[in-house]
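> Just a sequence and a predicted model for now, questions to come.
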Amino acid sequence: MPRKPSAHKEEKPISSISSIRLDEGKRIFIRDLLNEKNEGKQVSLLGWVWRKREHSNDIFVVVRDSTGVMQAVIPSKLVKKPIYIEASVEITGVVTKDERAPGGFEIRASGISIIGDSEKYPISKDFSEEFLLDVRHLWNRSTKIKNIMLVREKVLAGARDWFASQEWHEVNPPILTGSAVEGGATLFELDYHGKTAYLSQSAQLYLETLIFPLEKVWSLTPSFRAEKSRTNRHLMEFWHLEGEVAWLDFEGILKAEEQLLTAMVHRAAEAAPKELAALGRDPEDLFRIKPPFKRVHYDEVVKIMKKSGIEMEAGEDLSSEHEKQLTAKEKAPIFVVEYPKKVKPFYTKIDQNRPDFVLSADMLAPEGYGEISTGGQREDDLDAIITRIKAEGFNPKAYEWYLDLRRYGSVPHSGFGLGIDRLVKWITKRETILDTLPYPRTLSRIYP
């Protein structure tokens, strides 16, 4: 029901000029006002208009900032010009407790100043996915995308803390490279002052060079794959969390991956439970994830597919349909271990007991979300890796610097690469990977 207008000691009409002082140390955030200790205090709040509704005597404006939303009740007589959605404003008034307001508190406004107007904001209730991608620079303001970005931040914070606790060293490998890592068909080629160069598919080869001085290294970089794919889980540019470790075997890297992944999802559940819940993910789903993860051998996968009536020939790579079948009823990630040599890159180590297989494993997210990580032991024998490079149609001379790692002090070592965007897609229960980062790059989209 409409509220009665309240008395105000001081009334400041709406204006387009603000007297705000941009002093971060004294800035008041919404999260600080939603409690009883601030009840009755005169405050000045900066933010954006999120929602608005009008009654005869009052205008109810819900303001948002980076910490939350709060309602302000503004006497209609103070408002001399329209207030538009997404206008930036400064609202002054008294904090008042009211259970009907979002968060249980509101501001009884005595003044409002418009900092930046927002007439005809283009996003309304009726929109298509393509339109929202066209205006992604504005759609990033939405509560959904904001929540996803906050969850993503906590996921990465969990990774950083785990790496630090295990004494891994963060390094910064290059994005421009002269060598392919995972096949020429998915390379973005460019001219580098008359020489052929590529956008990096993976930092792995460079990380391997750094295990010799540092032993345990990791990086977070963009990687690029020119795949002609329009699925809901592929991007042209994605964020790649990669690690390499000296003196570690196949089983050792799988244990490291599952410990890292657990730390990442637990951090999200601890630090962003409200955001996860708003996105449809029960934080308890993530707390229940603990090592060790289930391991399924590739041979067993072929049998499972045949039993399920899904076409799969021995020796072929897993498709998204195969991954979905394997994980649809799982509640935690699983590993598919030991793949046929012909479906994995030249740097994967051959299984001495089965020469047609390599010590490589994919981590698949539960609930049908599919592959999020690939890891395994690297080939440390010089002759074996040269043979593999030639077999894949590459020129060993292009990898001379990489082959030097096998010539001078080669050691057993292992590593992995984890796709942050796919991980966030699973954690936040998104249907498409396009929601998981601010500006997705796809086969047809480079704008904005």
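In hand now; what should we look at? It should be emphasised that the depicted structure is a prediction, and the values quoted were computed from it without experimental measurement.
> Chain neighbours aside, what residue packs nearest to Gly370?
Nearest residue to Gly370 in three dimensions, chain neighbours excluded: Glu323, at 3.8 Å (Cβ to Cβ, 6 or more residues apart in numbering). Backbone N, C-alpha and C define where each C-beta goes, glycine included.
> so that neighbour is in which element?
Per DSSP states H and E, Glu323 falls inside helix 320-327.
> Kindly format the C-alpha coordinates of the next helix or strand after that helix as PDB.
Counting by DSSP H and E, the next helix or strand C-terminal to helix 320-327 is strand 334-340. Taking C-alpha atoms only, strand 334-340 is exported to PDB below (Å, rounded to 0.1, in the frame of the first residue of the first chain):
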ATOM      1  CA  ILE A 334      35.900 -37.300 -12.700                       C
ATOM      2  CA  PHE A 335      39.100 -38.100 -14.600                       C
ATOM      3  CA  VAL A 336      39.200 -40.000 -17.900                       C
ATOM      4  CA  VAL A 337      42.700 -41.400 -17.900                       C
ATOM      5  CA  GLU A 338      45.200 -42.800 -20.500                       C
ATOM      6  CA  TYR A 339      44.100 -41.800 -24.000                       C
ATOM      7  CA  PRO A 340      45.200 -43.200 -27.400                       C
END
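> Quick one: list the elements packing against the helix or strand hosting Leu403.
Assessed by DSSP H and E, Leu403 sits inside helix 400-407. Counting by 3 or more Cβ pairs under 8 Å, 6 or more residues apart in numbering; DSSP states H and E, the packing neighbours recorded for helix 400-407 are helix 204-214, helix 382-391.
> From the contact counts, what lies against the helix or strand following that helix?
The element immediately downstream of helix 400-407 (helix or strand, assigned by DSSP H and E) is strand 413-419. Secondary-structure packing of strand 413-419 (3+ Cβ pairs under 8 Å, 6+ apart): helix 204-214, strand 237-246, helix 250-271, strand 370-377.
> Can you name the next helix or strand after the first one?
For helix 204-214, the following helix or strand on the C-terminal side (DSSP H and E) is strand 216-224.
> for the record, mean pLDDT for that following strand?
If you average the pLDDT over strand 216-224, you get 98.
> and the angle for it with strand 237-246?
In terms of direction (axes from the mean of the first three to the mean of the last three Cα atoms, to 10 degrees), strand 216-224 departs from strand 237-246 by 160 degrees.
> Start at 721, not 1
Will do, 721 is the new start, and the previous item becomes strand 936-944.
> Can you name every helix or strand that strand 936-944 contacts?
Secondary elements touching strand 936-944 (3+ Cβ pairs under 8 Å, 6+ apart): helix 863-885, strand 889-890, helix 924-934, strand 957-966.
> What's the mean pLDDT across the helix or strand that the shortest one is followed by?
Beyond strand 889-890 in the direction of the C-terminus, DSSP H and E gives the next helix or strand as strand 896-897. For strand 896-897, mean pLDDT rounds to 94.
> who does whatever helix or strand comes next after strand 896-897 pair up with?
For strand 896-897, the following helix or strand on the C-terminal side (DSSP H and E) is strand 909-912. Counting by DSSP bridges, the strands paired with strand 909-912 are strand 915-919 (antiparallel).
> Residues in contact with stretch 1091-1099: which ones?
For stretch 1091-1099, contacts defined as Cβ atoms under 8 Å, 6 or more residues apart in numbering pick out 928, 964, 968-970, 973-974, 977, 981, 1038, 1043, 1053, 1064, 1066-1070, 1078-1085, 1105, 1108, 1132-1139, 1142-1143, 1146.
> how about the CA coordinates for that stretch, as CSV?
The C-alpha trace of stretch 1091-1099 is given here as CSV (Å, rounded to 0.1, in the frame of the first residue of the first chain):
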residue,chain,number,x,y,z
GLU,A,1091,35.9,-31.2,-20.0
ILE,A,1092,37.4,-28.5,-17.9
SER,A,1093,41.0,-29.6,-17.7
THR,A,1094,43.6,-31.7,-19.4
GLY,A,1095,46.8,-32.8,-17.7
GLY,A,1096,49.4,-35.5,-17.7
GLN,A,1097,53.0,-36.5,-17.7
ARG,A,1098,55.3,-34.9,-20.4
GLU,A,1099,57.6,-36.8,-22.7
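> buried residues in that stretch?
Buried residues in stretch 1091-1099, counted by 16 or more other Cβ atoms under 10 Å: Glu1091, Ile1092, Ser1093, Thr1094, Gly1095, Gly1096, Gln1097, Arg1098, Glu1099.
> List just the nearest of the residues you listed to Ile811.
Using Cβ to Cβ, Ile1092 comes nearest to Ile811 of these, at 43.3 Å.
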